[in-house]
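J.: 3D model of this:
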Amino acid sequence: MGYVRGKLMITTERLVLRLFQTSDAETVAKLCNNYNIYKSTMYLPYPYSLNDALSWMEHHYENFMGDFSYEFAITDKDTGELYGAIALSNNKHFNHGEIAYWIGEEYWGKGYATEAAQSIVQFAFEEKKLHKVFARYFSTNPASGKVMEKIGMKQEGILKDHIIKDGKHEDLVYYGIINE
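T.: All right, here's what the predicted structure looks like:
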C-alpha cells in the first residue's frame, strides 16, 4: 500500500483512494440514489440528491486534517472512474476507529470493497497508529460481512434489533481487528 502524505491518497493494486472533489458530486449522487445501497447503509438518505452529495463532502478535508475522520473516494487506478467510498473514523480517546464503505451497485462483486478496506486498515494501523479498527453491518447484508472476514476481522457480537430501517428492526453485526 502506498500512502502519499502530501497528496492524502492511498494506492493499491487496482485502486487509488483519494479525497472527494466537488466534481465527484454528480457521480456520487447517481451511485447513491439507489435503494439497494440505501437499505444496507445506516445514514445514507434516499432518494439521494446532488445537494446530499455536496453537503456530505463539505467537511471531509477539515475532518481529515483534524484527524477526526478520513473519507476516501474509491477510484480506478487507470481510468479514475469512481466506484464508491470508504471512511475511517478516529476516536483519539479510545485509540480506535470504525470503517464504513459503499460501492456503486454496478461495481459489486469485483473485490473493490475488500481491496479498499484492506488498505484502510493498514493506513489505520501504520499511519494513524490506532490500536483497533471495527466495522458493523446489518445482518440482512452478509456481503459486507464477507469483506470484513476477508481482511482479517473477527466477529465480536450481534446487537439484536439494534436499529430501525424502513420501519423494521435490524440486527447489527460487529466485527473488529486489533493491531497486534
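J.: residues in contact with the least confident helix or strand in the chain by mean pLDDT?
T.: Sorting the helices and strands of the chain by mean pLDDT, DSSP states H and E puts strand 2-4 at the bottom, at a mean of 82. Contact partners of strand 2-4, identified using C-beta atoms under 8 Å, 6 or more residues apart in numbering, comprise 9-11, 123, 126-127. In this view, the C-beta of every residue, glycine as well, is placed from N, C-alpha and C.
J.: chain center to it: distance?
T.: In terms of C-alpha atoms, centre = their mean, to the nearest Å, the centre of strand 2-4 is found 18 Å from the chain centre.
J.: What's the first helix or strand after it?
T.: Where DSSP states H and E defines the elements, the next helix or strand beyond strand 2-4 is strand 9-11.
J.: May I have the strands that pair with that next one, each with its orientation?
T.: strand 2-4 (antiparallel), strand 15-18 (antiparallel) (DSSP bridges).
J.: and the longest helix anywhere in the chain, what does it pack onto?
T.: Longest helix in the chain by number of residues, with DSSP state H as the criterion: helix 112-122. With contacts defined as 3 or more C-beta pairs under 8 Å, 6 or more residues apart in numbering; DSSP states H and E, the packing partners of helix 112-122 are strand 15-18, strand 69-76, strand 82-89, strand 96-103, strand 132-138, helix 142-150.
J.: switch the cut-off to 7 Å
T.: The contact analysis (3 or more C-beta pairs under 7 Å, 6 or more residues apart in numbering; DSSP states H and E) places helix 112-122 against strand 15-18, strand 82-89, strand 96-103, helix 142-150.
J.: Show me what counts as buried in the last one.
T.: Spelled out, it's helix 142-150. 144-145, 147-148 (16 or more other C-beta atoms under 10 Å).
J.: Give me the helices and strands touching that helix, please.
T.: Secondary-structure packing of helix 142-150 (3+ C-beta pairs under 7 Å, 6+ apart): helix 112-122, strand 132-138.
J.: what does the longest one contact?
T.: I take that to be helix 112-122. 1, 10, 12-15, 17, 74, 83-84, 86, 88, 99, 101, 103, 133, 147, 150-151, 177 (C-beta atoms under 7 Å, 6 or more residues apart in numbering).
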